[in-house]
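Chemist: just to be clear, the model below is a prediction. Sequence and coordinates:
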Amino acid sequence: MGRFQTMLAARERRRSRRYDIKVKALITPEGESTEQHCTIQDISQTGALIEVDDAANLQDFTLTVSRRCRVVRRDVEGAQVGVEFLVPWTVNS
C-alpha cells in the first residue's frame with residue numbers, strides 16, 4: 001500500500017468526519033480562571049485539533065468559541081431561536 005493510500009486508510013478509521021474551520025477560541029484550564037487564546041484548526045462531533053502557544057502542561061480544559069450572531073427566526077413560545085453567524089465559518093471539506 002502506498003503512502004497516500006495509508007494516509008487515507010488512517011483517516012477513514014476516525015469515528016467522525018472532520019471539517020477545517022480555522023476559528024479563534026479560548027481555553028480555560030480546569031481549576032483556573034485565566035484564559036488562553038487558541039485556534040481551532042479542524043473540528044468533528046467527537047473532537048478537534050487546536051493550535052495553542054503552550055500546550056505542554058494542558059490536561060483538562062474548557063474550549064469556548066465566541067461568535068457574533070443575529071436572530072433569524074423564533075419559535076412561537078420564544079424558547080428557541082435560529083441564528084446566523086455574522087462572520088461565517090470557513091469550511092473546507
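Modeler: Ah, there it is. Numbering: from 1, shown residues only.
Chemist: and the most centrally placed residue in the chain, what does it touch?
Modeler: Closest to where the C-alpha atoms of the chain average out (CA atoms, centre = their mean) is I43, at 4.5 Å. By CB atoms under 8 Å, 6 or more residues apart in numbering, I43 lies in contact with 18-19, 21, 23, 49. Where you see a C-beta, it was placed from the backbone N, CA and C, and this is true even at glycine.
Chemist: kindly report the same for K24.
Modeler: So K24 contacts 37-40, 66 (CB under 8 Å, 6+ apart).
Chemist: pretty sure L26 contacts S66?
Modeler: Yes. With contact defined as CB atoms under 8 Å, L26 and S66 form a contacting pair (7.3 Å).
Chemist: off-centre distance for whichever strand in the chain runs longest?
Modeler: Secondary structure of the chain per DSSP state E: the longest strand is strand 19-29. How far strand 19-29 lies from its chain's middle: 5 Å, per CA atoms, centre = their mean, to the nearest Å.
Chemist: tell me how many other residues crowd A25.
Modeler: Residues lying near A25 (other CB atoms under 10 Å) number 21.
Chemist: circling back: tell me which residues form a beta bridge with the residue nearest to the centre of the chain?
Modeler: Y19, A48 (DSSP bridges).
Chemist: of L26 and S66, who's got more company?
Modeler: Higher neighbour count among L26 and S66: L26, with 14 against 9, using other CB under 10 Å.
Chemist: can you name the residues bridging to that one?
Modeler: Note on L26: beta-bridge partners H37, T64, judged by DSSP bridges.
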